[in-house]
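Student: Structure of the sequence below:
(one chain, ligands or ions: 2)
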Amino acid sequence: MKAPVRVAVTGAAGQIGYSLLFRIASGEMLGKDQPVILQLLDLPQAQTAVKGVMMELEDCAFPLLAGMVATDDPEVAFKDVQVALLVGARPRSKGMERKDLLTANAEIFTVQGAALNKVADRNVKVLVVGNPANTNAYIAMKSAPDLNPKNFTAMLRLDHNRALSQIAAKTGKPVAAIEKLAVWGNHSPTMYADYRFATIDGQSVKDMINDHEWNRDVFLPTVGKRGAAIIEARGLSSAASAANAAIDHIRDWVLGTNGKWVTMGIPSDGSYGIPKDVMFGFPVTCENGEYKLVEGLEIDQFSRDCINVTLNELEEERAGVAHLLG
Ligand SMILES: NC(=O)c1ccc[n+]([C@@H]2O[C@H](COP(=O)([O-])OP(=O)(O)OC[C@H]3O[C@@H](n4cnc5c(N)ncnc54)[C@H](O)[C@@H]3O)[C@@H](O)[C@H]2O)c1
Ligand SMILES: O=C(O)C[C@H](O)C(=O)O
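Tutor: Numbers count the residues shown, from 1 in each chain. Ligands and ions are numbered 1, 2, ... in the order given. Okay, the predicted model is just below:
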């Protein structure tokens, strides 16, 4: 039996938490042979609800669930954690722009970054889901100077999965057959889902689709505005698909992608003209618990323009929180 891995989940009483925790406890994230200890953080007023979720987790009698902790103190929640899913934040409601969330949520991530810095495992893998995810991840990273910046990531996987699904519908091919998709930039409507390198059974997706107008006028807006479309339809922001993307992100980071490209929001190393440290969606492969940027891709003018739009938005967000980072 392997030693349990300590996994922190913030916002444990929320809707993403409710879709996420049961799948982590059943082994879908870290493997069917990997016991886990769940360390659940939420606000004081949500502790009763967290207790309720824990009762349900107990009632599943998951063989891999080796323990649970519930707390409203980040330093308790993050103690020795090897994986931290930072979900807890205020979600966007109808009519609200993502930018409105910026300052409301920014402070949460300075506090949590500092707590991770103090008590988490030195190799902790951090995924920020709470919006605006890229900038929150940037804030957490900057608030944790003793941890490797590479260990802080933002969730672009939902955009990646949304794009896969749209391409599968357009080409009539199964999602699993699509390789080499990339999503660049911010988890927001400005993200640039890029299928120029994508293949299906070795054939170019771009050639198969061969329709620039569809790319520009249908595909990109559909993927970019999918979060808002779900809020409009459900009255609540996406939850099960977001939890699913979080599971995909951490599973691939920890267990590897076998050479397959996935999208992760990672601190830029300066590649592709993205300034260093900007938390940006890039295509990566994962191996031995580490992600590796897919390098050397050609960026044409249309792509450069799209990348600049999403980069500018991230730079504006970064400027908007600079005062919090001292
Ligand atoms: N990156 C993505 O792809 C993606 C997708 C969907 C949703 N989201 C974001 O995920 C976040 C959570 O969404 P949800 O639908 O679960 O929201 P929710 O309101 O259902 O749950 C949020 C939970 O976080 C808790 N919380 C708030 N502040 C906290 C803090 N400081 N510490 C710990 N917990 C705290 C709340 O009490 C609540 O239980 C939102 O910011 C949402 O916009 C991101
Ligand atoms: O768009 C939102 O506010 C929710 C979430 O980020 C999503 O993409 O579904």
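
Student: just the strands in the protein please.
Tutor: Ranges of strands in the chain, per DSSP state E, are 5-10, 36-41, 65-71, 83-86, 125-128, 152-154, 178-179, 182-184, 192-194, 199-200, 203-204, 262-267, 279-287, 290-293.

Student: could you dump these to CSV with mean neighbour count and distance to ligand 1?
Tutor: C-betas here are computed from N, CA, C, even on glycine. Below are the strands of the chain laid out as CSV (neighbours: other CB atoms under 10 Å; distance: least, CB to the nearest ligand atom, whole Å):
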stretch, mean neighbour count, distance to ligand 1
strand 5-10, 26, 4
strand 36-41, 25, 5
strand 65-71, 18, 10
strand 83-86, 29, 8
strand 125-128, 26, 8
strand 152-154, 29, 7
strand 178-179, 18, 19
strand 182-184, 26, 11
strand 192-194, 26, 13
strand 199-200, 19, 25
strand 203-204, 14, 28
strand 262-267, 26, 8
strand 279-287, 23, 11
strand 290-293, 16, 17
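
Student: Reformat these as JSON lines; add distance to ligand 2 and mean pLDDT.
Tutor: Compiled in JSON lines, the strands of the chain are given as follows (distance: least, CB to the nearest ligand atom, whole Å; pLDDT from 0 to 100):
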{"stretch": "strand 5-10", "distance to ligand 2": "16", "mean pLDDT": "99"}
{"stretch": "strand 36-41", "distance to ligand 2": "20", "mean pLDDT": "98"}
{"stretch": "strand 65-71", "distance to ligand 2": "25", "mean pLDDT": "98"}
{"stretch": "strand 83-86", "distance to ligand 2": "14", "mean pLDDT": "99"}
{"stretch": "strand 125-128", "distance to ligand 2": "12", "mean pLDDT": "99"}
{"stretch": "strand 152-154", "distance to ligand 2": "11", "mean pLDDT": "98"}
{"stretch": "strand 178-179", "distance to ligand 2": "20", "mean pLDDT": "98"}
{"stretch": "strand 182-184", "distance to ligand 2": "12", "mean pLDDT": "98"}
{"stretch": "strand 192-194", "distance to ligand 2": "13", "mean pLDDT": "98"}
{"stretch": "strand 199-200", "distance to ligand 2": "25", "mean pLDDT": "98"}
{"stretch": "strand 203-204", "distance to ligand 2": "28", "mean pLDDT": "98"}
{"stretch": "strand 262-267", "distance to ligand 2": "12", "mean pLDDT": "98"}
{"stretch": "strand 279-287", "distance to ligand 2": "13", "mean pLDDT": "98"}
{"stretch": "strand 290-293", "distance to ligand 2": "21", "mean pLDDT": "98"}
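
Student: got CSV for those, with distance to residue 17 too?
Tutor: Below are the strands of the chain laid out as CSV (distance: least, CB to CB, whole Å):
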stretch, distance to residue 17
strand 5-10, 6
strand 36-41, 8
strand 65-71, 11
strand 83-86, 9
strand 125-128, 14
strand 152-154, 18
strand 178-179, 30
strand 182-184, 24
strand 192-194, 27
strand 199-200, 35
strand 203-204, 40
strand 262-267, 20
strand 279-287, 23
strand 290-293, 25
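
Student: what number of residues lie near the residue in the chain positioned nearest to ligand 2?
Tutor: Going by CB to the nearest ligand atom, ligand 2 is nearest to residue 227 of the chain, at 2.3 Å. Burial of residue 227 is recorded as 23 neighbouring residues (other CB atoms under 10 Å).

Student: Run through who's touching stretch 138-148.
Tutor: 86, 106, 109-114, 116-117, 120, 122-124, 126, 128, 149, 152, 154, 267, 277-279, 318, 321, 324-325 (CB atoms under 8 Å, 6 or more residues apart in numbering).

Student: Give me the buried subset of these.
Tutor: The neighbour count (16 or more other CB atoms under 10 Å) marks 86, 106, 109-110, 112-114, 116-117, 120, 124, 126, 128, 149, 152, 154, 267, 278-279, 318, 321 as buried among the contacts of stretch 138-148.

Student: returning to what we had before: return the subset of the contacts of stretch 138-148 lying in helices.
Tutor: 106, 109, 110, 111, 112, 113, 114, 116, 117, 318, 321 (DSSP state H).

Student: Is residue 35 in contact with residue 64, as I believe?
Tutor: Yes. Applying CB atoms under 8 Å as the test, residue 35 and residue 64 come out as touching, 4.9 Å apart.
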